[in-house]
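Sequence and computational prediction follow.
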Amino acid sequence: MAAANGVRRVWVGQDSLLSTPAVSAIIRERISADGAKATGAFILTASHNPGGPTEDFGIKYNMGNGGPAPESVTDKIFSNTKTITEYLIAEDLPNVDISVIGVTSFTGPEGPFDVDVFDSATDYIKLMKTIFDFESIKKLLASPKFSFCFDGLHGVAGAYAKRMFVDELGASESSLLNCVPKEDFGGGHPDPNLTYAKELVDRMGLGKTSNVEPPEFGAAADGDADRNMVLGKRFFVTPSDSVAIIAANAVQSIPYFASGLKGVARSMPTSAALDVVAKNLNLKFFEVPTGWKFFGNLMDAGMCSVCGEESFGTGSDHIREKDGIWAVLAWLSILAYKNKDNLGGDKLVTVEDIVLQHWATYGRHYYTRYDYENVDAEAAKELMANLVKMQSSLSDVNKSIKEIQPTVADVVSADEFEYKDPVDGSVSKHQGIRYLFGDGSRLVFRLSGTGSVGATIRIYIEQYEKDSSKTGRASSDALSPLVDVALKFSKIKEYTGRSAPTVIT
Ligand SMILES: O=P(O)(O)OC[C@H]1O[C@H](O)[C@H](O)[C@@H](O)[C@@H]1O
């Protein structure tokens, strides 16, 4: 693309994979600083496969706001791919030493171009300092009563975590787990959840038992650092609760939000915990289809400040992607705020205390997700078609459900989720099948858009409990009748031959 001086410019994010939030934020800034907002940029990411195929390196990035492409763009790209007749590989690209920061000029067949290698961690820390009160987080981390643990799962978060938590905020080096980025993620699966972030889960006292006292706060980010998991001592915070709790505490705890939230949003299958906060605090609220791209328009239009997804993504309008390190800083800020007059006291307010207090105020959304991976694609389609067909008669639905579990509430409405973007009016259809119950419970069925083999069926099961004397049950016990209904009513075993899900979250 042409920069202001007519020179073609390539940005290189050092130590970064493409969708790392820091890089997305910085690229956005640089595009607009060069006055080339509308045209987009080529981003080269530091290769995690040096010497690998050249096609891996160049990715055309079209979004002026630094966010994921909306359907209008991806549809266009898809239709363009059908007209491609040949592609060329540039074998003779100059060798750029991406470990050296600075601009190097090259001459190419289409004229001169610059390669700008920048240190994205420095820029990212600068941005975070405009959002959070680093001094109060430092005080929390320095308290002998507080202990902290961050698992980078050997992804890119590690490089940021060392600079942010240790160098800037004063956490000890021993707080960091798996924070050396590795090409193969150290042989693990860099997914921040209870199954794959095993070392962290054990250290936090949620896995195997140990005599060592777990830290007060633990967190992990995924391979490209956009998703996150938050844990307290022997305590898991669901992503749906996490976004609701951040929204409920943002104004008091995070300076960036001091003048109020413009609005909040969640993806449709995410639990309705955020809805209750929005209602109580009188905030604009949006329910969008799964996929971060749907938040971008709301944020660009100044309608949304905080958003999240059940799939471990949490973020705000500081950028147009989810941001794992931001989520950790948000939680540290809430803990710092709740303990600001208490750091010398007997006992700190813990992650668990904050969540229990939240449930006491807003009620609890018991929540679980069942994934059936690598299912026969035709069988999955038929199962979904049957669930849509059943929606034509709610009395038949309720009759079947009562035969399975007589105690569950009635289904009061059922549909296929459809979203009309309030900003550009675009409509997204077939975004998941919903069965909504009279007591606020929900069953949602969706086909994953990211599974790679066959089809992945996701079943989301949620039950709302307002009575604060009943919010402390084990989630699996509370949800057991609804799970039974979801599995039998959908006839998942009959359609797929599976008697158990591949993963339960
Ligand atoms: O379609 P699924 O497999 O449920 O995945 C859904 C997820 O896909 C990607 O990771 C997007 O970045 C997320 O925003 C989205 O939540």
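Thanks, I have the structure now.

Which residues of the protein lie near the ligand?
Within reach of the ligand by Cβ under 6 Å from any ligand atom, the chain has these residues: Thr290, Gly291, Trp292, Glu309, Ser311, Gly313, Ser448, Gly449, Thr450, Gly451, Arg458. Where you see a C-beta, it was placed from the backbone N, CA and C, and this is true even at glycine.

Go again with 5 Å.
Applying Cβ under 5 Å from any ligand atom, one finds that the chain approaches the ligand through Thr290, Gly291, Trp292, Glu309, Ser311, Ser448, Gly449, Thr450.

Sort out for me which of these are in helices.
Among those, none falls in helices (DSSP state H).

By neighbour count, sort out the buried ones in those.
Buried members of the residues of the chain next to the ligand, counted by 16 or more other Cβ atoms under 10 Å: Thr290, Gly291, Trp292, Glu309, Ser311, Ser448.

Kindly indicate which of these lies nearest Phe106.
In terms of Cβ to Cβ, no member of those lies closer to Phe106 than Trp292, at 34.1 Å.

Backbone dihedrals for Ser72, please?
phi -60, psi -40 (degrees, to the nearest 10).

dump the residue contacts of the spatially most central residue of the chain.
With distances taken as Cα atoms, centre = their mean, Gly313 lies nearest the centre of the chain, 1.1 Å away. Applying Cβ atoms under 8 Å, 6 or more residues apart in numbering to Gly313 gives the contacts Asp226, Arg227, Asn228, Pro239, Trp292, Lys322.

please redo it, this time with the cut-off set to 10 Å
222, 226-228, 239, 243, 267, 270, 290-292, 295, 307, 321-324, 327 (Cβ atoms under 10 Å, 6 or more residues apart in numbering).

got the phi/psi numbers for it?
phi -110, psi 130.

Where do the helices of the stretch 301-450 of the chain begin and end?
Along the stretch 301-450 of the chain, counting by DSSP state H, counting those that start in this stretch, helices occupy 324-338, 351-362, 377-390, 394-404.

Taking the buried ones among the residues of the chain next to the ligand together, which two end up most distant?
Farthest pair in these, by Cβ to Cβ: Trp292 and Ser448, 15.1 Å.

In stretch 332-348, which residues are buried?
Leu332, Ser333, Ile334, Leu335, Ala336, Tyr337, Lys338, Asn339, Leu343, Leu348.

thinking again about what came up before, and the residues of the chain next to the ligand, which two are the farthest apart?
Maximum distance among the residues of the chain next to the ligand (Cβ to Cβ): 15.1 Å, for Trp292 and Ser448.

Not counting its neighbours along the chain, what's nearest Val180?
Spatial nearest neighbour of Val180, excluding adjacent residues (Cβ to Cβ, 6 or more residues apart in numbering): Gly158 at 5.7 Å.

Leu261 too?
Ser305 (4.3 Å).

give the contact list for the residue nearest to Val180.
Applying Cβ under 10 Å, 6+ apart, the residues near Gly158 are 15, 150-152, 176-182, 221, 225.

can you rerun that using 8 Å?
Applying Cβ under 8 Å, 6+ apart, the residues contacting Gly158 are Gly152, Leu176, Asn178, Cys179, Val180, Pro181.

on that earlier part again, next step: the contacts of Gly313 restricted to strands.
Asn228, Ser267, Cys307 (DSSP state E).

what's the closest of these to Ser79?
Ser267 (26.1 Å).

give me every residue that touches that closest one.
Ser267 neighbours (Cβ under 8 Å, 6+ apart): Glu287, Val288, Pro289, Thr290, Gly291, Phe294, Gly308, Glu309, Glu310, Ser311.

Let me have those in a markdown table, adding pLDDT as columns.
What follows is those, written out as a markdown table (pLDDT from 0 to 100):
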| residue | pLDDT |
| --- | --- |
| Glu287 | 97 |
| Val288 | 97 |
| Pro289 | 95 |
| Thr290 | 94 |
| Gly291 | 90 |
| Phe294 | 91 |
| Gly308 | 97 |
| Glu309 | 97 |
| Glu310 | 97 |
| Ser311 | 94 |
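
Distance from stretch 476-490 to the middle of the chain?
26 Å (Cα atoms, centre = their mean, to the nearest Å).

before we move on, the earlier item: which of the helices of the stretch 301-450 of the chain is buried the deepest?
helix 324-338 (a mean of 25; mean count of other Cβ atoms under 10 Å).

For it, list the C-alpha coordinates in PDB.
This file holds the C-alpha atoms of helix 324-338, laid out as PDB (Å, rounded to 0.1, in the frame of the first residue of the first chain):
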ATOM      1  CA  GLY A 324      -6.200 -11.700  27.200                       C
ATOM      2  CA  ILE A 325      -3.700  -9.500  29.000                       C
ATOM      3  CA  TRP A 326      -6.300  -6.700  29.300                       C
ATOM      4  CA  ALA A 327      -8.700  -9.200  31.000                       C
ATOM      5  CA  VAL A 328      -6.000 -10.100  33.600                       C
ATOM      6  CA  LEU A 329      -5.300  -6.400  34.200                       C
ATOM      7  CA  ALA A 330      -9.100  -5.800  34.600                       C
ATOM      8  CA  TRP A 331      -9.300  -8.500  37.300                       C
ATOM      9  CA  LEU A 332      -6.200  -7.200  39.100                       C
ATOM     10  CA  SER A 333      -7.800  -3.800  39.000                       C
ATOM     11  CA  ILE A 334     -11.000  -5.000  40.600                       C
ATOM     12  CA  LEU A 335      -9.000  -6.900  43.300                       C
ATOM     13  CA  ALA A 336      -6.900  -3.800  43.900                       C
ATOM     14  CA  TYR A 337     -10.000  -1.600  44.200                       C
ATOM     15  CA  LYS A 338     -11.800  -4.000  46.600                       C
END
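
by how many degrees do it and helix 351-362 diverge?
80 degrees (axes from the mean of the first three to the mean of the last three Cα atoms, to 10 degrees).

Give me the average confidence score over helix 324-338.
For helix 324-338, the mean pLDDT works out to 97.
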